[in-house]
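Visitor: compute the structure for the input listed below.
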Amino acid sequence: MKTSPRLPVAALVALLLAIGAALVAPAGPASAASIPGMVLSSTPATLPPELAPLATGKRITYVTTDVNGNLITATGLIMTPVSYKKNRVAAWAHGTTGLADQCTPSTNQNVFWPEARTAIAALLGQGFTVAAPDYPGLGTSQQHPYLIGLSEARSIIDAVKAARNLDSSLIPAYVIDGHSQGGQGSLFANQIASSYDGNMVLKGSASIAPVSNAATLAPLIPGTPNQGYLVMGLYGLQTVDSTFSAASVLAPPAKSKTSVLSSGCLMEILASYQNLSASQLLVGGALPDSVIAKLDHWVSPAQTTPTAPILLIQGTADESVPAFLTEMLVDQLHAYSQPVTYQEIDGATHDSAVVQSADTVATWLAGRY
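Guide: Residues are numbered from 1 along each chain as shown. Predicted coordinates:
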């Protein structure tokens, strides 16, 4: 029988010190020795009161990659059911919270939106362990690439890897649930899963009121109460496109308000910009065609073949992501081979669609197995 070689004492001590350093590493650029999904730190998390009786929580720092494939760190929550646990993991991809670190759901329950709590409770009720990424730049030193789909997608998939690294009982098959920004991220994750998730297998993804068709949506926003979303989107674009500056297209009244992007979160940002006219928001009152094209490239899903079946949920009274955009998305997704199920909820708003569909979505995702 072969025996394992023993490490010299000095080498063993060095190894233990290295492991300890990795577990307490701060949220900055990941080291070259890291791999996507590697957990750098894990600490007990206090969950919102709706979820605390249902699950134990851990806040993690983990390794993911940016859109260029560079290793970076990200943060998130892992929630494990306390009473009915199966060996399956679901990712929850949250809707817009803001751009700054105080807008990180894993540390700020004020932006752990009520609809997100309802959706996660339904997933826990199906026995899923839930991996909930914050997205790159929220809770770390980087800028948040807001609405950059391939950034969200990588952090979503790597959060699932991190959950499996913490719990070896979780099987490689997984599902994704997401809303708004997270619904968009869910679709992008579905697109890249087969080439990015390694030995895991995506069984299906649900997207509730996902951001899509940016070339159609973006020109409709100036002059409306939703202008804060567009401002955030422009700052998200400049994180991945060095040739573009958000300040180059924002009009002086809009530029004078940009401090709210670092001092506030979603509600403060929307309130700050909602009363501007189109010409007060943008130079010339409209986005240049070149900027619209850039947004469409980075923001719009359904550009490549999905990996797994898709469930789309849309409220007919949604004023943030109008239903006609999701209807366009359904047609675009039907061009590919994966099955697409589309359900409209009559009278549902952008947020109430999540609440009203929570059990339906969780049951559909559980049925993918």
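Visitor: residue boundaries of the helices in this protein?
Guide: For the chain, helices defined by DSSP state H occupy the ranges 9-23, 114-125, 149-166, 181-196, 214-217, 227-238, 252-255, 260-263, 266-273, 278-281, 289-299, 323-333, 352-366.
Visitor: which residue ranges make up each domain of the chain?
Guide: Split into domains by automatic domain parsing, the chain comes to 9-213+300-366, 214-296.
Visitor: dump those into JSON lines; add mean neighbour count as well.
Guide: Just so you know, the C-beta spots here come from the backbone N, C-alpha and C atoms, and that holds for glycine as well. Shown next, in JSON lines, are the domains of the chain (neighbours: other Cβ atoms under 10 Å):
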{"stretch": "domain 9-213+300-366", "mean neighbour count": "21"}
{"stretch": "domain 214-296", "mean neighbour count": "18"}
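Visitor: select from those the stretch with the lowest mean pLDDT.
Guide: Least confident of the domains of the chain, judged by mean pLDDT, is domain 9-213+300-366 with a mean of 92.
Visitor: please verify my assumption that Pro145 contacts Gly137.
Guide: Yes. At 6.3 Å, Pro145 counts as touching Gly137 under the criterion of Cβ atoms under 8 Å.
Visitor: residues shared between the contacts of the two?
Guide: Residues touching both Pro145 and Gly137 by Cβ atoms under 8 Å, 6 or more residues apart in numbering: Thr239.
Visitor: any idea how far Ala162 is from the closest residue to Asp158 other than its chain neighbours?
Guide: Counting by Cβ to Cβ, 6 or more residues apart in numbering, Asp158 lies nearest to Thr64, which is 4.0 Å off, once chain neighbours are set aside. Thr64 sits 9 Å away from Ala162, going by Cβ to Cβ, to the nearest Å.
Visitor: any idea what the residue nearest to Asp158 is bridged to?
Guide: Ile72 (DSSP bridges).
Visitor: quick one: residues contacting the residue nearest to Cys265 when sequence neighbours are not counted.
Guide: Distance criterion Cβ to Cβ, 6+ apart; nearest residue to Cys265, sequence neighbours excluded, is Gly98 at 3.6 Å. Gly98 makes contacts with 111, 138, 232, 261, 264-266, 268-269, as judged by Cβ under 8 Å, 6+ apart.
Visitor: select, from the residues you listed, the two members most distant in space.
Guide: Leu138 and Glu268 (15.6 Å; Cβ to Cβ).
Visitor: joint contacts of Thr64 and Ala162?
Guide: Gly37.
Visitor: on that earlier part again, distance to Ala45 added to the helices of the chain, as a markdown table?
Guide: As requested, the helices of the chain are exported to a markdown table (distance: least, Cβ to Cβ, whole Å):
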| stretch | distance to Ala45 |
| --- | --- |
| helix 9-23 | 16 |
| helix 114-125 | 13 |
| helix 149-166 | 12 |
| helix 181-196 | 19 |
| helix 214-217 | 34 |
| helix 227-238 | 26 |
| helix 252-255 | 36 |
| helix 260-263 | 25 |
| helix 266-273 | 21 |
| helix 278-281 | 38 |
| helix 289-299 | 30 |
| helix 323-333 | 33 |
| helix 352-366 | 21 |
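Visitor: nearest to Ala55, out of those?
Guide: Across the helices of the chain, closest to Ala55 is helix 114-125 (Cβ to Cβ), at 5.3 Å.
Visitor: got the angle between the closest one and helix 181-196?
Guide: Here helix 114-125 points in a direction 50 degrees away from that of helix 181-196 (axes from the mean of the first three to the mean of the last three Cα atoms, to 10 degrees).
Visitor: in terms of secondary structure, what does helix 114-125 contact?
Guide: strand 71-81, strand 89-93, strand 129-133, strand 173-179, helix 352-366 (3 or more Cβ pairs under 8 Å, 6 or more residues apart in numbering; DSSP states H and E).
Visitor: would you mind getting the angle between the last one and helix 114-125?
Guide: Using the same axes, to 10 degrees, one finds that helix 352-366 and helix 114-125 are set 20 degrees apart in direction.
Visitor: helix 352-366: how far from the chain's middle?
Guide: Relative to its parent chain, helix 352-366 has a centroid offset of 18 Å by Cα atoms, centre = their mean, to the nearest Å.
Visitor: same question for the first one.
Guide: How far strand 71-81 lies from its chain's middle: 11 Å, per Cα atoms, centre = their mean.
Visitor: which one of the contacts of Gly98 is nearest Lys294?
Guide: Met232 (15.0 Å).
Visitor: now do the contacts for that closest one.
Guide: Taking Cβ under 8 Å, 6+ apart as the test, what Met232 contacts is 96, 98-99, 146-147, 261, 269.
Visitor: repeat the analysis, applying 10 Å as the threshold.
Guide: By Cβ atoms under 10 Å, 6 or more residues apart in numbering, Met232 lies in contact with 96, 98-99, 144, 146-147, 181, 246, 261, 266, 269-270, 273.
Visitor: for Val340, see how far away it is.
Guide: 28 Å.
Visitor: and what of Leu99?
Guide: 31 Å.
Visitor: now do stretch 259-270: distance from first to last residue.
Guide: 13 Å (Cα to Cα, to the nearest Å).
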